[in-house]
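**Student:** let me see the structure of the following:
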Amino acid sequence: MAIRPLRYFGDPVLKSPSEPVTVFDAKLRSLVDDLMETVTLPGRAGLAAPQIGVGARAFSYLVDGQHGYVVNPVIVELSEKVHDGIEGCLSVPGMNFPTRRATFATVRGVDVNNEPVVVSGRGELARCLQHETDHLDGMLYLDRLDPAQRKEAFRLARASDWFWKAR
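**Tutor:** Here you go, the predicted model:
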């Protein structure tokens, strides 16, 4: 297990849809171990594989004492009730914007042994499940902002010292 460095907004891996996991081997177990350890650092609630530079459909979460992961997650249920809550992202540090999310979500996927996994949650866990699944689809929470907020967020990100610039 290792704490992996993060990728930041502007890095193409964050805007590319992740590939489904088809091989359940030691490499996948190592990736999941790294996701599980990296999400435990203070201030973290979820971490998707693209955020550490891996284009695989897997994420980890640590919300309200619940610590786990899902491989090949698919959102299978969202409540009709929504909430505009402050959201941030490890790949967009120091920025937070109100983002509309369903107040309840269920994700279905598998574990490292290709056994079924279902995770459901309300509030912050629901927000996390939606946020991390978005990452795997090549979407950042900034993409969900209204046009004026999105324009301001992109401007602030591009001006930051962490913004990924092609070399």
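**Student:** so Val107 sits in a helix?
**Tutor:** No - counting by DSSP: H, G, I helix; E, B strand; the rest coil, Val107 is located in no helix; its state is strand.
**Student:** just checking, it touches Pro73?
**Tutor:** Yes - assessed by CB atoms under 8 Å, Val107 is found in contact with Pro73 at 4.5 Å. In short, each C-beta sits where N, CA and C put it, glycine included.
**Student:** now do the shared contacts for the two.
**Tutor:** Common contacts of Val107 and Pro73 (CB atoms under 8 Å, 6 or more residues apart in numbering): 129, 133.
**Student:** okay, the two: which has more neighbours?
**Tutor:** Neighbour comparison, Val107 and Pro73: the larger count goes to Val107, with 25 against 22 (by other CB atoms under 10 Å).
**Student:** bridging residues for that one?
**Tutor:** Taking DSSP bridges as the rule, Val107 bridges to Ile75, Val119.
**Student:** and the residue nearest the centre of the protein?
**Tutor:** Centroid-nearest residue in the chain: Glu132, 2.5 Å away (criterion: CA atoms, centre = their mean).
**Student:** element containing the residue lying closest to that residue once chain neighbours are set aside, please.
**Tutor:** Among residues not flanking Glu132 along the chain, Phe59 sits closest, at 3.9 Å (CB to CB, 6 or more residues apart in numbering). Secondary-structure element containing Phe59, defined by DSSP states H and E: strand 58-63.
**Student:** quick check: phi and psi on the closest residue to Tyr61 other than its chain neighbours?
**Tutor:** Of all residues not flanking Tyr61 in the chain, Gly46 sits nearest, at 4.5 Å (CB to CB, 6+ apart). Backbone torsions for Gly46, taken as degrees, to the nearest 10, come to phi -160, psi 160.
**Student:** equivalent analysis for Leu35, please.
**Tutor:** phi -60, psi -40.
**Student:** would you mind listing the residues in contact with it?
**Tutor:** By CB under 8 Å, 6+ apart, the contact list for Leu35 reads 4, 47, 49, 52, 58-60, 69.
**Student:** and the residues you listed as CSV, adding distance to Asn96, pLDDT and neighbour count?
**Tutor:** Converted to CSV, those look like this (distance: CB to CB, whole Å; pLDDT from 0 to 100; neighbours: other CB atoms under 10 Å):
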residue, distance to Asn96, pLDDT, neighbour count
Arg4, 23, 92, 17
Leu47, 17, 98, 29
Ala49, 23, 98, 27
Ile52, 22, 97, 20
Ala58, 25, 98, 26
Phe59, 20, 98, 29
Ser60, 21, 98, 26
Tyr69, 25, 98, 25
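**Student:** all good on my end, thank you.
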